[in-house]
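Visitor: Below is the structure, and that's it, no one-letter string:
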């Protein structure tokens, strides 16, 4: 709501309606468009709320008409006039202010503008680097600004929903200690402690756990987080998450509460999230969709056809099954008439994703089969394959014979690729929980176990003993919130006993003095009456990107970085002076 008591204007441009006819108003904003009709000058004035048409008539506007003759787009002006109905036949139904116009009696130029580097128009396609270099100009475009209006509404709804449920908003430090949390830290040298460094937080993980030990019981924070990792459309080096932690709860308590909150939040974007949300275990999600963040807006599920080829004489299939692997596939309906070159491109995708190769069988028309391997199949195998994969004319079967994990992941990649290639409809919003993640994953390069979420995740009670005997078999109280194939949130129950926390750290190679050096403060806190607790962190940028219908989180971050991590606007990252380096006890090689 606009409060005219604290402004040089009485109204905002986008608020004027037919009910304001006859009122004298003062507006201030940017000249969006100027049209000289030979005797009358029309200027659309734009501010954050929208725009309205203003009319300059030499008889009614006086000296203001002279001002209107010289103003140009993006000049900043202050206009005073009277609201009147638009003449019959000139109503603009595309504008919320389209029924009225303002006949101007006074005009003041507040600032002039050089010609902008690009037009302030939603329909204009502009190079992204240029847009980011002049982001303050880009923000004037209505479609860009709309994303931030939505972001504000969603963020405020989160605050209200959490406050209603007894959460306290508490800030945690930005300068902290480097700890292993899955990605590289951004490090900050300390002038006062030569040779020592702070780390920017990948998340407030340890501090929010300490708040639970401190008896806060329910905490949240709109937290800035930092990760030094390769960028992509849904990832930035600095990002915002809704960080939430609760004491004295179970996993069911967290999931149930978050479903209520997400339902309330998404209504701000006119999205009706149907609850309770569907749940898949991690194992089921990987087996059926080849991803721990499956997009359930379309089918094309993975099908295990190992039984079909259990006695196959085709060496590739027999070898995979003999080595303990599987044969799985997807049915890409509508791709049966694809050329060999297009299918070969899919084979390269499979190879790049870690498979040894891609097997395929095409059914372009009724009774027609194309495949370099079909000659190795018996009639019974081909019949069983058709039945298992619900084959119809026009289908293309893509199959991987390999270790189970490899087959799942490669087919998951191909599933998304084929959905894009075939323009499979993916409308609306479909959310789900993926639960019961493995506690650890094997790091082949380091030849050791690493934490799947983070090393503070609580294992299933019945799996605690596996932390020492078989870490790879331990499952955890963990859960990811997935929306339209993107992870928009993730969380876990936390370990709240010192002994179990030491076992979890030991499983990833951090024990003894190393554990005390890196996590001594946490271990000590857990020994001093830590309550059962858990939480979740929601990626605000990703959520807004989806709700706003954008393809990149850069579109919903005010001043984002490019894919190379640079800022075209400020030139960051940049060099610093030799003096600055000396002050923090560093030198440049």
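Guide: Sure, I can see it. Everything numeric here is computed off the predicted structure, so don't read it as measured data.

Visitor: host element of residue 419?
Guide: helix 404-421 (DSSP states H and E).

Visitor: Indicate each strand paired with whichever helix or strand comes after that helix and its parallel or antiparallel sense.
Guide: Going down the chain from helix 404-421, the next helix or strand is strand 431-435, by DSSP H and E. Here strand 431-435 is paired, per DSSP bridges, with strand 278-281 (parallel), strand 478-483 (antiparallel).

Visitor: closest to residue 138 out of these?
Guide: Taking CB to CB, strand 478-483 is the member of the strands paired with strand 431-435 nearest to residue 138, at 26.3 Å. Bear in mind the C-beta positions are built from the backbone N, C-alpha and C, glycine included.

Visitor: who's in contact with the closest one?
Guide: The contact list for strand 478-483 (CB atoms under 8 Å, 6 or more residues apart in numbering) reads 251, 254-255, 258, 262, 277, 292-294, 429-437, 452-453, 457, 487-493, 536, 538, 543, 546.

Visitor: mind redoing it with 6 Å?
Guide: The contact list for strand 478-483 (CB atoms under 6 Å, 6 or more residues apart in numbering) reads 293, 431-435, 437, 453, 457, 487-492, 546.

Visitor: Go through the residues you listed and say which is closest to residue 4.
Guide: Nearest to residue 4 among these, with distances taken as CB to CB, is residue 546, at 35.8 Å.

Visitor: Please, which helix or strand holds the closest one?
Guide: Using DSSP H and E, residue 546 falls in helix 540-547.

Visitor: on that earlier part again, what mean pLDDT would you report for the helix holding residue 419?
Guide: Helix 404-421 comes out with an average pLDDT of 97.

Visitor: Number of residues surrounding the closest residue to residue 25 other than its chain neighbours?
Guide: Counting by CB to CB, 6 or more residues apart in numbering, residue 25 lies nearest to residue 11, which is 4.6 Å off, once chain neighbours are set aside. Number of residues near residue 11 (other CB atoms under 10 Å) recorded here: 22.

Visitor: Which residue in the contacts of strand 478-483 has the weakest pLDDT?
Guide: For these, the pLDDT minimum is residue 453, 87.

Visitor: On the three-state scheme, that residue is what?
Guide: Using DSSP: H, G, I helix; E, B strand; the rest coil, the structure places residue 453 in coil.

Visitor: neighbouring contacts of the helix holding residue 546?
Guide: Contacts of helix 540-547 with the rest of the structure, by CB under 6 Å, 6+ apart, involve 151, 234, 239-240, 242, 269, 483-484, 486, 488, 553, 556-557.

Visitor: quick one: low-confidence parts of the stretch 1-150 of the chain?
Guide: Scanning the stretch 1-150 of the chain for pLDDT under 70 picks out the ranges 122-123.

Visitor: how about the helices of it, start to end?
Guide: Using DSSP state H, counting those that start in this stretch, the helices of the stretch 1-150 of the chain run over 58-61, 63-70, 128-133, 135-138, 142-164.

Visitor: domain ranges for this structure?
Guide: 4-111, 298-425 (automatic domain parsing).

Visitor: Including distance to residue 200, could those domains go into JSON lines?
Guide: Shown next, in JSON lines, are the domains of the chain (distance: least, CB to CB, whole Å):
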{"stretch": "domain 4-111", "distance to residue 200": "32"}
{"stretch": "domain 298-425", "distance to residue 200": "31"}
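
Visitor: could you measure residue 135 against residue 473, distance?
Guide: According to CB to CB, to the nearest Å, residue 135 stands 49 Å off from residue 473.

Visitor: Compare those two (neighbour count), which wins?
Guide: The neighbour comparison of residue 135 against residue 473 (other CB under 10 Å) goes to residue 135, with 18 against 11.

Visitor: residues contacting that one?
Guide: Residues near residue 135 by CB under 6 Å, 6+ apart: 559, 569.

Visitor: again with residue 98
Guide: Residue 98 neighbours (CB under 6 Å, 6+ apart): 91-92.

Visitor: Go again with 8 Å.
Guide: Applying CB under 8 Å, 6+ apart, one finds that residue 98 lies in contact with 86, 91-92.

Visitor: number of nearby residues for the closest residue to residue 501 other than its chain neighbours?
Guide: In this structure, residue 501 finds its nearest non-sequential neighbour in residue 495, 4.6 Å apart by CB to CB, 6+ apart. By other CB under 10 Å, the residues close to residue 495 number 27.

Visitor: Quick one: residues contacting residue 495.
Guide: The neighbours of residue 495, taking CB under 8 Å, 6+ apart as the test, are 456-459, 501, 504, 526.

Visitor: Among these, which ones are in helices?
Guide: Residues of the contacts of residue 495 located in helices (DSSP state H): 501, 504, 526.

Visitor: re the thing from before, need the winner for burial among the strands paired with strand 431-435.
Guide: Greatest average neighbour count among these goes to strand 478-483 (a mean of 24), per mean count of other CB atoms under 10 Å.

Visitor: circling back: which two of the contacts of strand 478-483 have the greatest separation?
Guide: So, those by CB to CB: farthest apart are 457 and 546, at 25.9 Å.

Visitor: Could you say which one of the helices of the stretch 1-150 of the chain comes nearest to residue 314?
Guide: Closest of these to residue 314 is helix 128-133, at 47.9 Å (criterion: CB to CB).

Visitor: And the closest one, how far out from the chain middle?
Guide: Distance of helix 128-133 from its chain centroid, counting by CA atoms, centre = their mean, to the nearest Å, is 21 Å.

Visitor: Equivalent analysis for stretch 436-456, please.
Guide: On CA atoms, centre = their mean, the centre of stretch 436-456 falls 23 Å from that of its chain.

Visitor: And stretch 230-249, by the same measure?
Guide: Taking mean C-alpha positions (CA atoms, centre = their mean), stretch 230-249 and its chain are 9 Å apart.

Visitor: how long is it from one end to the other?
Guide: 36 Å (CA to CA, to the nearest Å).

Visitor: Neighbours of the closest residue to residue 204 other than its chain neighbours, how many?
Guide: Closest residue to residue 204 apart from its sequence neighbours, by CB to CB, 6+ apart: residue 172 at 4.2 Å. When counting by other CB under 10 Å, one arrives at 18 neighbours for residue 172.
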